[in-house]
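**Student:** would you be able to build a 3D model of this:
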Amino acid sequence: RLCEGLDPAVGYIELVRTPCSRSRYANDGPESCAQLLDCHYYIDAVKQGMVRGTASLAAALTLRSAAVRGLAYEAQLHRIAAREPEVKAFTEPAGDIVARVERCDAGLLVAVKNNIACDGLPPARCGSELPPEAHAINAGPEATVVTRLREAGCVIAGKTRLAEFAALAPPATTNPHNRDYSPGGSSSGSAAAVAAGFVDAALGTQTIGSIGRPAAFCGVAALAPTRGRVPRDGVELYSPSVDVVGAFAKDCNTLRDVSRLIYDDWEEPNPDGRLPRKLVVLETFRDAVCTAEAKSNFAQALAYLRDAGFEGTVCAMPTPLLDDFAGLARRHRGLVNSELQQGHAKRFADHGPLYRPETAALLRASYDAVVDPGSMEALREELEAALGAAFAFVTPAAATVPPLLAEGTTGDPSASLPFAHAGLPSVTLPVGRDHATNLPFCLQFVGRAGADEALLQFAARLEEKAFPALSS
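**Tutor:** Below you'll find the predicted structure:
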């Protein structure tokens, strides 16, 4: 009754993140209020008189009230039914997704990229037209990352679309903020599903920039882990030497909730630690890979950071491996594409006509010999030395603004390439919006190997302190 008049296309209520540990939801009056303790969310419906009481500043953000979770489900289901035909984030029709979720208990709602094995859902196709039996992961058990989410009470909403075999040929997915533009790739559907409010979080994979770039184009939080910290069994890999499994979420606290489940060895950082203030800007790298528009957005975001008391210092250490970006990109692409060829040799011989032209061209090309893995370690050592006493690098999350869908590309992954090559963790954080196109722009924070937890904690606190309007 209280929700009458609200737009069902965006759900019965609007849930926004807030540092509250308790609030009251009034059904008929103060006498029948039900307290919602330790909530991650509260109901932003003051105009309808739906919120009573005040919020405690002592945030306890790790628990979710079943009542609030149920209301969030209603909102998510309405969004999927109303917008999925336009967004095209999932591999199945919107009605199938809604029907599946309605049968489940209300837990954190998660989508899974369609190159990850997932029991009870249609077999993985990796964005291709190849038959299910051509994908080895369909003959094996469910991916460990998915099983861990289920065991923790998460609900798997469905599989998300991706560029064919996580390469270049884009899916039909559109950007939820402006359907004329690309959502990025290759984890296109995962980022779009989170940005559209269909799910709380989604899993993706990254070889070069397949987590960072779609997060940047869709304006959602994302974590690409230190290589080796998240299991990859049950995942169709582009490059076994490089690939990581990571996550997207609507905010950094939700991103932490999901990440702590999928990591092998997640360790919570000290919640009372001081917020780091020193960040390093890789100016030469930025100028080498970014367009003028991306650099302008980055300058605006740095100004926000400085206004909030953060110091962005231009890197003073020599970085010869990074500064030779053309050579670095050639080595990285040679490595990953030669491994892609090896993984598809038999399938391409058997099913060549079913591959899209962009992927077929990659598989027919010739590449330099696979690089010595020592080059990845050398770059990692160079970058960590360049940090010095600073906490993290701050870089543009994408080298360009989102391209138009009509251009047939998911964008340039260069902004993430060095860090993917070095195997360092990165967090993507929304920080602004182009009001002419309604498209977001983001920062990328890159930390030392193994410092994933501290990096994400930093981003979560930054989200609340420096960019509160964007984190809600």
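
**Student:** and residue 129, how far from residue 302?
**Tutor:** For residue 129, the distance to residue 302 equals 44 Å [Cβ to Cβ, to the nearest Å]. For glycine as for every other residue, the C-beta is placed from the backbone atoms N, C-alpha and C.

**Student:** in terms of neighbours, single out the busier of the two.
**Tutor:** Taking neighbours as other Cβ atoms under 10 Å, residue 129 and residue 302 compare with residue 302 leading, 18 against 12.

**Student:** please identify the helix or strand for that one.
**Tutor:** helix 292-307 (DSSP states H and E).

**Student:** okay, buried residues for that helix please.
**Tutor:** Neighbour-count burial for helix 292-307, with 16 or more other Cβ atoms under 10 Å as criterion, is recorded at 294, 297, 298, 301, 302, 304, 305.

**Student:** out of the residues you listed, which is nearest to residue 430?
**Tutor:** For the buried residues of helix 292-307, the closest approach to residue 430 (Cβ to Cβ) belongs to residue 301, at 9.8 Å.

**Student:** does the closest one touch residue 440 like I think?
**Tutor:** No: Residue 301 is beyond contact range of residue 440, at 11.0 Å (criterion: Cβ atoms under 8 Å).

**Student:** what residues are shared contacts of those two?
**Tutor:** Both residue 301 and residue 440 are in contact with residue 432, where contact means Cβ atoms under 8 Å, 6 or more residues apart in numbering.

**Student:** which stretches of the chain have low pLDDT?
**Tutor:** 1-68, 106, 369-371, 466-472 (pLDDT under 70).

**Student:** which stretches in the stretch 51-200 of the chain count as strands?
**Tutor:** For the stretch 51-200 of the chain, strands defined by DSSP state E, counting those that start in this stretch occupy the ranges 51-52, 109-113, 155-160.

**Student:** those: which one's closest to residue 385?
**Tutor:** The nearest among those, by Cβ to Cβ, is strand 109-113 at 33.9 Å.

**Student:** residues contacting that closest one, please?
**Tutor:** 72-73, 76, 89-90, 101, 118, 121, 146, 149, 154-160, 162, 187, 189-190, 193-194, 198-205, 258.

**Student:** the longest helix along the chain - contacts with which helices or strands?
**Tutor:** If you go by DSSP state H, the chain has its longest helix at helix 325-351. Judged by 3 or more Cβ pairs under 8 Å, 6 or more residues apart in numbering; DSSP states H and E, helix 325-351 is in contact with helix 283-289, helix 357-364, helix 417-422.

**Student:** now the ones you listed in a markdown table, with mean neighbour count and distance to residue 277?
**Tutor:** Below are the helices and strands packed on helix 325-351 laid out as a markdown table (neighbours: other Cβ atoms under 10 Å; distance: least, Cβ to Cβ, whole Å):
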| stretch | mean neighbour count | distance to residue 277 |
| --- | --- | --- |
| helix 283-289 | 17 | 19 |
| helix 357-364 | 16 | 43 |
| helix 417-422 | 26 | 21 |
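
**Student:** among those, which is nearest residue 82?
**Tutor:** helix 357-364 (31.8 Å).

**Student:** so what touches the closest one?
**Tutor:** For helix 357-364, contacts defined as Cβ under 8 Å, 6+ apart pick out 128, 164-165, 167-169, 337, 340-341, 344, 348, 352, 355.

**Student:** span of stretch 420-438 from start to end?
**Tutor:** 29 Å (Cα to Cα, to the nearest Å).

**Student:** 840 is where my numbering starts, stick with that
**Tutor:** From this message on, residue numbering opens at 840, which makes the last subject stretch 1259-1277.

**Student:** which one of the buried residues of helix 1131-1146 is nearest to residue 1156?
**Tutor:** Out of the buried residues of helix 1131-1146, the member with the shortest distance to residue 1156 (by Cβ to Cβ) is residue 1141, at 19.3 Å.

**Student:** so which strand or helix has the nearest residue to the closest one once chain neighbours are set aside?
**Tutor:** Excluding its sequence neighbours, the residue lying closest to residue 1141 (Cβ to Cβ, 6 or more residues apart in numbering) is residue 1151, at 5.1 Å. Assigned by DSSP H and E, residue 1151 falls within strand 1150-1153.

**Student:** and that strand, which residues are buried?
**Tutor:** Within strand 1150-1153, the residues scored as buried using 16+ other Cβ under 10 Å are residue 1151.

**Student:** go ahead and confirm residue 1016 touches residue 1280.
**Tutor:** No: counting by Cβ under 8 Å, residue 1016 does not reach residue 1280; the two are 11.0 Å apart.

**Student:** which residues does the most centrally placed residue in the chain contact?
**Tutor:** Nearest to the mean C-alpha position of the chain, by Cα atoms, centre = their mean, lies residue 1087 at 2.8 Å. Contacts were defined as Cβ under 8 Å, 6+ apart; by that measure residue 1087 touches 1026, 1029-1030, 1033, 1040-1043, 1050, 1053-1054, 1059-1061, 1094.

**Student:** ok, so of these, who is nearest residue 1274?
**Tutor:** Nearest member of those to residue 1274, counting by Cβ to Cβ, is residue 1059, at 18.7 Å.

**Student:** identify the residue spatially nearest to residue 1004, adjacent ones excluded.
**Tutor:** For residue 1004, the spatially nearest residue (Cβ to Cβ, 6+ apart) is residue 965, at 5.1 Å.
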